[in-house]
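Participant: just a sequence and a predicted model for now, questions to come.
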Amino acid sequence: MLLDQLPTGQRAEISAIDWSVLPADEGKRLRALGVDEGASVTIRHRGIFFGRDPIALSIGRMTVAIRRVHARAITLRAPDAAPETIA
């Protein structure tokens, strides 16, 4: 599953990132924010406009806004059968 397909409030782990589709400076910024293989992520909110951009992503104790095109480069491990929801 790709990150942009993850339901809001459900936790998953990043299994792979296709760095080749991201510009080098944007990939460097994402890594600096902790977006990398093995990180646990949750989608907190999606944008309200056409395309649902940006996506607010919880990673660790931070909330990071990323573009949907970046989220499509991130592959997740299958989420747990019982999703963790955020109140």
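Facilitator: In hand now; what should we look at?

Participant: can you tell me who residue 45 pairs with across the strands?
Facilitator: residue 56 (DSSP bridges).

Participant: now find how far off-centre the helix or strand where residue 29 lies is within its chain.
Facilitator: If you go by DSSP states H and E, residue 29 is part of helix 24-32. Centroid separation for helix 24-32 versus its chain: 14 Å, with C-alpha atoms, centre = their mean, to the nearest Å.

Participant: what of stretch 25-35?
Facilitator: 12 Å.

Participant: buried residues in it?
Facilitator: 27, 30, 34, 35 (16 or more other C-beta atoms under 10 Å). For every residue, glycine as well, the C-beta is placed using N, CA and C.

Participant: in TSV, list those along with pLDDT and distance to residue 6.
Facilitator: Formatted as TSV, the buried residues of stretch 25-35 follow (pLDDT from 0 to 100; distance: C-beta to C-beta, whole Å):
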residue	pLDDT	distance to residue 6
27	91	20
30	92	16
34	91	17
35	93	13
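
Participant: which one of those residues is nearest to residue 61?
Facilitator: residue 34 (9.8 Å; C-beta to C-beta).

Participant: which among the buried residues of stretch 25-35 gets closest to residue 60?
Facilitator: residue 34 (5.6 Å).

Participant: so how far is residue 52 from the closest one?
Facilitator: 23 Å (C-beta to C-beta, to the nearest Å).

Participant: please apply the same query to residue 61.
Facilitator: Taken as C-beta to C-beta, the span from residue 61 to residue 52 is 24 Å.
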